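J.: could you look at this predicted model? Sequence included:
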Amino acid sequence: PVLRLAHNSGVASLAWMKNGDILAVGCTQRNIQIYDLRIQGTSAPPISTNAHDNAVHGIKVDPTSDLFATFSRGSVGEPVKLWDMRRMDSCVSEIKLDSKRYSGAELASSDLPSVADIGWDTSARGVLSIA
């Protein structure tokens, strides 16, 4: 391998940022780790922050800005989170699914809304779709 990165958790998702200079890793233990590959050597620790209540199943990078979005599958009520890759101390915003239409309904927890996937629109700046 050209480069080997130390990682202490299972990997649930990956995304390249900044033309391949930065690697974002979504971990099975609820956190995101950011590796800046411009730093010489592999001993530099990643930037790590807690992101979700469960594994980070998806990381999607906005092609028009420094934002990226993360989600966790199967977590009822878990929001999609927006992050600014220039400051990783906390997410900049959360998008919560509308669960009001389910209040009072007798549904199994598997029938309640959870995120399956997300994607940025490549032709319109700042537009994120959630499925």
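T.: Thanks, I have the structure now. Numbering: from 1, shown residues only.
J.: C-alpha from now on. contacts and neighbour counts both.
T.: OK.
J.: quick check: phi and psi at the residue most central in space within the chain.
T.: Nearest to the mean C-alpha position of the chain, by C-alpha atoms, centre = their mean, lies residue 70 at 2.1 Å. As for residue 70, its main-chain torsions (degrees, to the nearest 10) stand at phi -130, psi 160.
J.: check contacts around the residue lying closest to it once chain neighbours are set aside.
T.: Of all residues not flanking residue 70 in the chain, residue 59 sits nearest, at 4.6 Å (C-alpha to C-alpha, 6 or more residues apart in numbering). When contacts are counted by C-alpha atoms under 8 Å, 6 or more residues apart in numbering, residue 59 touches 13-15, 24-26, 68-71.
J.: what about the strands in the chain?
T.: Per DSSP state E, the chain carries strands over the ranges 11-17, 22-27, 31-36, 47-50, 58-61, 67-71, 80-84, 93-95, 118-120, 128-130.
J.: okay, and for this structure, where does confidence drop off?
T.: 1-4, 6-7, 40-43, 74-75, 98-113 (pLDDT under 70).
J.: ok, back up a step: any idea which of the contacts of residue 59 is closest to residue 126?
T.: Ranked by distance to residue 126 (C-alpha to C-alpha), these are led by residue 68 at 10.1 Å.
J.: distance check, the closest one against residue 119.
T.: Applying C-alpha to C-alpha, to the nearest Å, the value for residue 68 to residue 119 is 10 Å.
J.: shared neighbours, these two?
T.: With C-alpha under 8 Å, 6+ apart, residue 68 and residue 119 have common neighbours residue 60.
J.: neighbour count: those two, which is higher?
T.: Ranked by neighbour count (other C-alpha atoms under 10 Å), residue 68 and residue 119 place residue 68 first, with 22 against 17.
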